[in-house]
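S.K.: mind folding the following:
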Amino acid sequence: MPTVDFCGTTSHYLSPEMALPALDRLREAAADTSYVSGLTHNFYRHPARFSPALASAAIECFSRPGSLVLDPFMGGGTTLVEALAKGRRVVGADINPLSVFVARAKTTALRPSDPAEIERWSGRVYDAISYLFPREWIRAHLPDEGTRNLHLPQSRAIKKGVAIALRSIGRLSNARIRLFARCVILKTAQWALDGRSQPTSLGDFREKLLANTGDMLAAIQEFGRLRRKHRLGPVPRTLLTIDARRIHTAPIFAESRRRAQLVLTSPPYPGIHAVYNRWQVDGRRETPAPYWITGCPDGNGLSYYTFGDRREPRFRTYFEIAAEVFQNLRRVVRKGGYLVQVVAFSNPDVDLDRYLAALSGASFEEVKPNGSTRVTRIWRDVPNRRWHAVLQGATASSREVVLIHRAV
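M.R.: Residues are numbered from 1 along each chain as shown. As a prediction, the model looks like this:
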């Protein structure tokens, strides 16, 4: 029977048991409550960000260098960044085009000549941003729908600063630099607008844009250095804007018949409300500004991104979609491969069993530590999450569980 290394310990590859060092490593990583940092993880603040420490541990424990890691709900792209930095090939998918934009920006390495042009660009934008900038020059960059609720007093000046910055992107020389510049604007605008209790001045905005450019350049250059070290070839990354229920139809799986060694993900949570597709400005009014800045389409309500309306009794639609997702995920995971996921529930006493039943029905078996007849799940408290549980109201933190399954 073939073997695979789990964090330095050999275990049976097709066994339903997990080596104890792997479990200990994951538990330690799950307990890490430090702020998200490192590599390109801070390019955008996703509302439900995956822990890089946990992603890193899972990748090292359950995949080999060169193997394929899949995240069908990639959100902010944490799995992809960590997997590429560790020499894995990746497929990232999300139904939200904003997530695909962010993941592309975080994982697109620059070439040696690019940073100098980016620094010149940020200097020009810094000089151009002003209350006196002629509005007629930026009118084409101010769509009514994309800038909804940015006419309000707290946001109006930042809207103008963003439009001035967006106007400058067309002069950049290549797609890599234009992508990076848009992400700098996105990160800076999110800092200036999203959830702010006090207005941000235009002067502070342009100072932050300049600082973000420098920080993000350092991060992407370090990421590029790690990617080059592993020599994965010309196409180590595939990004898909796709419903996870259709992941098996993607050409990389349907045509090449490639299969993932590891699925590492954090799907939508049943009964948990997270605003994936809007920022909140001026007293929690919602704006689709991130889609305006990135040039991505939106037009969908929150339930489109979360497996159905969170107010639906017993979340029937959620669990129907989850069952279909897991069945089709199983079609793209090699036998003996792993599904590691982080999920939370508004009512775990009821909904966890339903969730596990959907996994079992899709031929995923929950793993046990070696020598044990019982599964061991890892629970973690995550501070500073901005969501609302249906049954609990506003919460300052959320209880998550790490589930580990094997494809059988």
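S.K.: next up, the contacts around residue 57.
M.R.: By Cβ atoms under 8 Å, 6 or more residues apart in numbering, the contact list for residue 57 reads 7, 25-26, 28-29. Glycine gets a C-beta too; all of them are placed from N, C-alpha and C.
S.K.: out of those, who's the most crowded?
M.R.: Ranked by neighbour count (other Cβ atoms under 10 Å), the contacts of residue 57 have residue 26 at the top, with 23 neighbours.
S.K.: and that one, its phi and psi?
M.R.: Main-chain torsions, residue 26, degrees, to the nearest 10: phi -70, psi -40.
S.K.: okay if I get the contacts of residue 57 as a markdown table plus pLDDT and distance to residue 128?
M.R.: Output for the contacts of residue 57, formatted as a markdown table (pLDDT from 0 to 100; distance: Cβ to Cβ, whole Å):
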| residue | pLDDT | distance to residue 128 |
| --- | --- | --- |
| 7 | 50 | 51 |
| 25 | 85 | 49 |
| 26 | 87 | 48 |
| 28 | 89 | 48 |
| 29 | 89 | 44 |
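S.K.: show me the shaky parts of the protein.
M.R.: Across the chain, the ranges flagged by pLDDT under 70 are 1-20, 234, 273, 299-303, 309-313, 371, 383-398.
S.K.: quick one, domains of it?
M.R.: Domain assignment for the chain by automatic domain parsing gives 3-106+235-407, 114-223.
S.K.: any chance of the ones you listed in a markdown table, with distance to residue 229 too?
M.R.: A markdown table is the format used below for the domains of the chain (distance: least, Cβ to Cβ, whole Å):
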| stretch | distance to residue 229 |
| --- | --- |
| domain 3-106+235-407 | 8 |
| domain 114-223 | 11 |
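S.K.: just the ones you listed: most buried one?
M.R.: Stretch with highest mean neighbour count among these: domain 3-106+235-407 (a mean of 19; mean count of other Cβ atoms under 10 Å).
S.K.: for the stretch 201-350 of the chain, which segments count as strands?
M.R.: Using DSSP state E, counting those that start in this stretch, the strands of the stretch 201-350 of the chain run over 237-241, 260-265, 272-273, 279-281, 285-287, 333-344.
S.K.: turn those into a markdown table, including distance to residue 217.
M.R.: Shown next, in a markdown table, are these (distance: least, Cβ to Cβ, whole Å):
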| stretch | distance to residue 217 |
| --- | --- |
| strand 237-241 | 20 |
| strand 260-265 | 28 |
| strand 272-273 | 35 |
| strand 279-281 | 24 |
| strand 285-287 | 28 |
| strand 333-344 | 30 |
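S.K.: quick one: end-to-end length of stretch 136-148, please.
M.R.: End-to-end distance for stretch 136-148: 19 Å, by Cα to Cα, to the nearest Å.
S.K.: ok, and what's touching it?
M.R.: Residues from elsewhere that reach stretch 136-148 (Cβ under 8 Å, 6+ apart): 159-160, 163-164, 166-167, 287-289, 291-292.
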